[in-house]
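K.L.:
All I have is the shape, not the residue letters:
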């Protein structure tokens, strides 16, 4: 367990590099792979998964995550389609679709909660949502921090260029 904690800390220290990669290329498979590896380590640590639990948990969780992502992508695609069209009832359709997808996501969560209960404890399932949220917030914070650093560096570069220009004149 201590080794896993050390590995998680080491991996989290690399988040700023990953954040930069993600800001430069949102769909870079290598970046997504790194983030996924960090997510696995982070969630495994936060849930206190044993090796046996982890072997059984991750395939079920990946399947659940994929299906949940598909539902969310469906809503995004529908929003995009309705924005492009000139349908006067688009708001009502979006609202109905949003509610339908929320219900389907809830049904999906119920189904997978039952499957996960066969692998991990109820307490671990309750901790899962918080661990997911904490990890996502950590990634967002790292991305924001990286963007701020890039902006500062750009400001410094611009200021240095102006100083050089003034010294030449």
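P.N.:
Perfect, I can see it now. As the structure is a prediction and not an experimental result, all values here were calculated from the model. Numbers count the residues shown, from 1 in each chain.
K.L.:
Just after the lowest-mean-pLDDT helix or strand in the chain, pick out the following helix or strand.
P.N.:
Using mean pLDDT, DSSP states H and E, helix 15-24 stands out as the lowest-scoring helix or strand of the chain, at a mean of 44. Per DSSP states H and E, helix 15-24 leads on to helix 29-47 as the next helix or strand towards the C-terminus.
K.L.:
list the buried ones in that following helix?
P.N.:
By 16 or more other Cβ atoms under 10 Å, the buried positions in helix 29-47 come out as 31, 34-35, 38-47. Heads up, the C-betas are built off the backbone N, CA and C, glycines and all.
K.L.:
The most centrally placed residue in the chain in helix, strand or coil?
P.N.:
The structure's the chain has its C-alpha centroid closest to residue 136; by Cα atoms, centre = their mean the separation is 4.6 Å. At residue 136, secondary structure determined by DSSP: H, G, I helix; E, B strand; the rest coil is helix.
K.L.:
How is the protein divided into domains?
P.N.:
As assigned by automatic domain parsing, the chain contains the domains 1-49+128-169, 61-119.
K.L.:
can you list the ones you listed in JSON lines and add distance to residue 55?
P.N.:
What follows is those, written out as JSON lines (distance: least, Cβ to Cβ, whole Å):
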{"stretch": "domain 1-49+128-169", "distance to residue 55": "9"}
{"stretch": "domain 61-119", "distance to residue 55": "9"}
